[in-house]
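> Kindly generate the corresponding structure for this input.
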Amino acid sequence: MGHKMGSLKINPKKFGGFSKPCMKEMVTFLNCLAINHTDEKCARHKDLLTTCMSAQDTNSKNSWGSMNYHLQRLNRGKK
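The predicted structure is shown next:
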């Protein structure tokens, strides 16, 4: 259930690979679009989705840095 890079195994579940914070809002917006076929009738759902997505952008700062940065550091230490 993980990806291997050399002898290093990465478990994507551990790093939030399956985190879907705005999934409920997106599904309701897409269902509304499927039923109504117009964007005007789904304005409320669209606003909810955009506010959820904008809130996720501000909170997405990771104090540990990106995973790729740390993998590059580990790879430099092997050489």
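
> Helices of the chain, start to end?
Counting by DSSP state H, the chain has helices at residues 23-36, 43-58, 67-78.

> Need the ones you listed in TSV (columns: mean pLDDT and mean neighbour count).
C-beta: built from backbone N, CA, C; applies to glycine. Shown next, in TSV, are the helices of the chain (pLDDT from 0 to 100; neighbours: other Cβ atoms under 10 Å):
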stretch	mean pLDDT	mean neighbour count
helix 23-36	91	14
helix 43-58	86	13
helix 67-78	75	10
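
> and Gln32, what is it in contact with?
Wrong residue type there; residue 32 is Cys, not Gln. By Cβ atoms under 8 Å, 6 or more residues apart in numbering, Cys32 lies in contact with 41-42, 45.

> okay, the residues you listed in TSV with distance to Lys24 next?
Shown next, in TSV, are these (distance: Cβ to Cβ, whole Å):
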residue	distance to Lys24
Lys41	19
Cys42	15
His45	11
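
> how close does Arg73 get to Ser66?
11 Å (Cβ to Cβ, to the nearest Å).

> ignore the last one, Arg76
15 Å.

> ok, now Met26?
In terms of Cβ to Cβ, Met26 sits 24 Å off from Ser66.

> contact partners of stretch 22-30?
Outside stretch 22-30, the residues that touch it by Cβ under 8 Å, 6+ apart are 42, 45-46, 48-49, 52-53, 56.

> Output that stretch as PDB - backbone C-alpha positions only.
Taking Å, rounded to 0.1, in the frame of the first residue of the first chain, the C-alpha atoms of stretch 22-30 are listed here in PDB:
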ATOM      1  CA  CYS A  22     -14.100  19.900   0.500                       C
ATOM      2  CA  MET A  23     -15.500  16.600  -0.900                       C
ATOM      3  CA  LYS A  24     -19.000  17.200   0.500                       C
ATOM      4  CA  GLU A  25     -19.300  20.700  -1.000                       C
ATOM      5  CA  MET A  26     -18.000  19.500  -4.300                       C
ATOM      6  CA  VAL A  27     -20.400  16.600  -4.600                       C
ATOM      7  CA  THR A  28     -23.400  18.800  -3.700                       C
ATOM      8  CA  PHE A  29     -22.300  21.300  -6.300                       C
ATOM      9  CA  LEU A  30     -21.900  18.700  -9.000                       C
END
